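Enquirer: Make a model of this:
(chains A and B)
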Amino acid sequence: GAGVSQSPSNKVTEKGKDVELRCDPISGHTALYWYRQSLGQGLEFLIYFQGNSAPDKSGLPSDRFSAERTGGSVSTLTIQRTQQEDSAVYLCASSYPRGVAGRLETQYFGPGTRLLVL
Amino acid sequence: AQSVSQHNHHVILSEAASLELGCNYSYGGTVNLFWYVQYPGQHLQLLLKYFSGDPLVKGIKGFEAEFIKSKFSFNLRKPSVQWSDTAEYFCAVTTKAAGNKLTFGGGTRVLVKP
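Expert: Sure thing, here's the model as predicted:
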């Protein structure tokens, strides 16, 4: 079946501009995650959505970052007033909800959006 | 909070050599452990995972990993590597307390010389 898709695949922007990154999770996956992969910081968690629950925003690096998930499916990560240190690959992942006996489910990753802030 | 460390940042070896990548985590409770691989130009893919049961886990492409609870380790192994195993390998952990989010190690770049 179709995997996690992300758009755009590449984005070049100027410092100070806003950007929106999109993620389409695997059909049926109610959990959706955003991560960031950068040279200096490695792979780091940003935000997590699970169904209709309040999102876990504990990984967002500043208030310039926000994300929403409409209709329990597609998610948009928005970065306002971009800075050069925001340059990174932004990864989206999705999974089924917590399963039997609270077992955590495997996350499947999309190809990422490579963001370059000039 | 949990953390993951991978001891080797870069590994270079020849085809048919054996591979072992170290991974240690810090967390006192129940963990779920993963190894992901990122081939050049491709996205992260799951190699194998440990949730419970047999601590020796077999994954795709001949990889296996062993969970040793007393050592807080989840080392990845492959007895005989191929050139196509050239990739970056990431160890990761999730816990219920952390709400499902993956905490990754810094990654190990593996180069297999033909």
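Enquirer: For the residue nearest to the spatial centre of chain A, list each beta-bridge partner.
Expert: By Cα atoms, centre = their mean, chain A has its centre lying nearest to A:Trp34, at 2.5 Å. The partner list for A:Trp34 in beta bridges (DSSP bridges) reads A:Ile47, A:Cys92.
Enquirer: Do you know the pLDDT at residue 46?
Expert: Here I'm looking at chain A. What the model reports as pLDDT for A:Leu46 is 96.
Enquirer: To clarify, I was referring to chain B.
Expert: For B:Leu46, the model assigns a pLDDT of 93.
Enquirer: What of the one 10 residues further on?
Expert: Looking at B:Leu56, its pLDDT stands at 96.
Enquirer: How about the one 4 residues further on?
Expert: Looking at B:Ile60, its pLDDT stands at 93.
Enquirer: Next, count neighbours for it.
Expert: As a burial measure, B:Ile60 scores 10 neighbours (other Cβ atoms under 10 Å in any protein chain shown). (Each C-beta comes from the backbone N, C-alpha and C, glycine too.)
Enquirer: The one 5 residues further on now?
Expert: By other Cβ under 10 Å, 26 other residues sit near B:Ala65.
Enquirer: Just the strands from chain B, written as ranges.
Expert: Remark: strands assigned in chain B by DSSP state E are B:3-5, B:10-14, B:19-21, B:24-26, B:32-38, B:45-50, B:56-58, B:64-68, B:73-78, B:87-94, B:103-104, B:108-113.
Enquirer: With distance to chain A as extra columns, can I get those strands in JSON lines?
Expert: Conversion of the strands of chain B to JSON lines gives the following (distance: least, Cβ to the nearest Cβ, whole Å):
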{"stretch": "strand B:3-5", "distance to chain A": "10"}
{"stretch": "strand B:10-14", "distance to chain A": "14"}
{"stretch": "strand B:19-21", "distance to chain A": "15"}
{"stretch": "strand B:24-26", "distance to chain A": "14"}
{"stretch": "strand B:32-38", "distance to chain A": "5"}
{"stretch": "strand B:45-50", "distance to chain A": "6"}
{"stretch": "strand B:56-58", "distance to chain A": "13"}
{"stretch": "strand B:64-68", "distance to chain A": "14"}
{"stretch": "strand B:73-78", "distance to chain A": "15"}
{"stretch": "strand B:87-94", "distance to chain A": "5"}
{"stretch": "strand B:103-104", "distance to chain A": "4"}
{"stretch": "strand B:108-113", "distance to chain A": "11"}
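Enquirer: Let's have those in TSV, adding distance to A:Asp86.
Expert: Listed next are the strands of chain B as TSV, based on distance: least, Cβ to Cβ, whole Å:
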stretch	distance to A:Asp86
strand B:3-5	24
strand B:10-14	27
strand B:19-21	30
strand B:24-26	28
strand B:32-38	21
strand B:45-50	26
strand B:56-58	36
strand B:64-68	34
strand B:73-78	32
strand B:87-94	22
strand B:103-104	19
strand B:108-113	24
